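Trainee: Predicted model, plus sequence, below.
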Amino acid sequence: MKKQFVTLAVSALLAGTAFAQANDTLAKVKAAGSITMGVRDSSGALSYTLGDGKYVGYHVEICQRIIANVEKAAGKKLEVKYTPVTSQNRIPLVENGTVDIECGSTTNNEARQKQVAFAFTTYVEEVRIAVRANSGITSIAQLNGKNVATTTGTTSVQLLRKNERATGVDFKEVFGKDHADSFLLLESGRADAFVMDGQILAGNIANSKAPADFKIVGEVLNVEPIAIMFRKDDPAFKKLADDTIAGLAKSGELAKLYDKWFTQAIPPKNIKLGMPASDANKDAWKNLNDKPVEAYAKK
């Protein structure tokens, strides 16, 4: 009986430790000796793959700076594991502890804040429309009767339908499983337009077989704060991430990282996206915050 009691007590202790670590990322990664970064295969210059398990981009590099400070806090070098995520599974994988820090293209909104936490906003996105250059489409109104592609699990087409200039415009949604798949719908002619974050559109166009065959047109549909994501209710990890970003902003390195990925030639094709920082981005770096997209809409 005594042995059974001890066994139960040890099991309860281990379960308690596991639960505590699930909500304490610093303790979790220190114990594991590794940290798992969620990355995207084709989220424009924010996060994308070079193949062979290599991932790069603006948000990937910012996360690497955060992880360097995590290692200082843990007092040891950590193995960094890269886990590709999609628009559909990124939040569940952060919630269940599979991914410790997601470094992709996730919009910070009120609904998601109930499930996960976000670092200070590091990128403010403009949602735009990409079409074939010879399509003649230049505005939302011309999408009437057309097939419009977007990526499953994203908010872009919802924003398009809410845009007052889309009133009375009847279009059919077609979904790609990821951004590359959505662009393929446009590239293959199965969609007349692809609605998504502007830099994701620019990145997919730049890396397509014939970049001159596509262009970004029309009005800015919305602006969205894009941020690095991690587990909710982990104040120590959020402070470390926010402090890292604040340090990068204060030193000017955040702006330099942006220029590296959005105005200079980037791998693998050494193509320039030609997207200098917008006033919205500069304002986010100057006035650091983790406000959701709904706060931007109220401006």
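Mentor: Perfect, I can see it now. Keep in mind it's a predicted model, so treat the numbers as computed, not measured.
Trainee: burial measure for Asp283, as a count.
Mentor: Neighbours of Asp283 under the rule other C-beta atoms under 10 Å: 13. All C-beta atoms are positioned from the backbone trio N, CA, C, and that covers glycine.
Trainee: where's the residue nearest to it when sequence neighbours are not counted, which helix or strand?
Mentor: Once flanking residues are discounted, Asp283 sits nearest to Val124: 7.8 Å by C-beta to C-beta, 6 or more residues apart in numbering. Using DSSP states H and E, the element containing Val124 is strand 123-132.
Trainee: Check Thr36 too.
Mentor: Secondary-structure assignment from DSSP H and E places Thr36 in strand 34-39.
Trainee: mind giving me the domain ranges of this protein?
Mentor: What the TED database lists as the domains of the chain is 23-123+224-293, 125-221.
Trainee: As a markdown table, the ones you listed with mean pLDDT would be great.
Mentor: Below are the domains of the chain laid out as a markdown table (pLDDT from 0 to 100):
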| stretch | mean pLDDT |
| --- | --- |
| domain 23-123+224-293 | 96 |
| domain 125-221 | 88 |
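Trainee: What angle do strand 123-132 and the following helix or strand past the strand holding Val124 make with each other?
Mentor: The helix or strand immediately downstream of strand 123-132 is strand 147-151, counting by DSSP H and E. Inter-element angle recorded for strand 147-151 and strand 123-132: 150 degrees (by axes from the mean of the first three to the mean of the last three C-alpha atoms, to 10 degrees).
Trainee: Identify the residues contacting Leu78.
Mentor: Val29, Gly33, Ser34, Ile35, Ile67, Val70, Glu71 (C-beta atoms under 8 Å, 6 or more residues apart in numbering).
Trainee: Now for those residues: which two are most distant?
Mentor: Within those, two members stand farthest from each other by C-beta to C-beta: Gly33 and Ile67, at 13.0 Å.
Trainee: Who has more neighbours out of these two?
Mentor: Between Gly33 and Ile67, Ile67 has the larger neighbour count (other C-beta under 10 Å), namely 22 against 11.
Trainee: what sits up against the strand or helix carrying the more buried one?
Mentor: Secondary structure from DSSP H and E places Ile67 in helix 58-74. If you take C-beta under 8 Å, 6+ apart as the criterion, helix 58-74 is touched by 26, 29-30, 35, 37, 39, 43, 45-47, 77-78, 80, 101, 103-105, 119, 122-123, 226, 228, 237, 240-241, 243-245, 248, 254, 257-258, 260-262.
Trainee: State the distance from Ala180 to Asn207.
Mentor: Noted for Ala180: a distance of 9 Å to Asn207, by C-beta to C-beta, to the nearest Å.
Trainee: Spatially central residue in this structure, please.
Mentor: Among the residues of the chain, the one closest to the centroid is Ser105, at 1.4 Å (C-alpha atoms, centre = their mean).
Trainee: just to revisit the earlier point, quick check on the contacts of helix 58-74: which are buried?
Mentor: 26, 29-30, 35, 37, 39, 43, 45-47, 78, 80, 101, 103-105, 119, 122-123, 226, 228, 237, 240-241, 244-245, 248, 254, 257-258, 261-262 (16 or more other C-beta atoms under 10 Å).
Trainee: Now, the residues you listed that are in strands?
Mentor: 35, 37, 39, 43, 47, 80, 101, 103-105, 123, 226, 228 (DSSP state E).
Trainee: before we move on, the earlier item: packing partners for the strand holding Val124?
Mentor: Here strand 123-132 touches helix 156-162, helix 179-187, strand 193-197, helix 198-206, strand 214-231, helix 279-286, going by 3 or more C-beta pairs under 8 Å, 6 or more residues apart in numbering; DSSP states H and E.
Trainee: With respect to burial, which of these scores highest?
Mentor: Across the helices and strands packed on strand 123-132, averaging neighbours per residue (mean count of other C-beta atoms under 10 Å) puts strand 193-197 on top, at a mean of 28.
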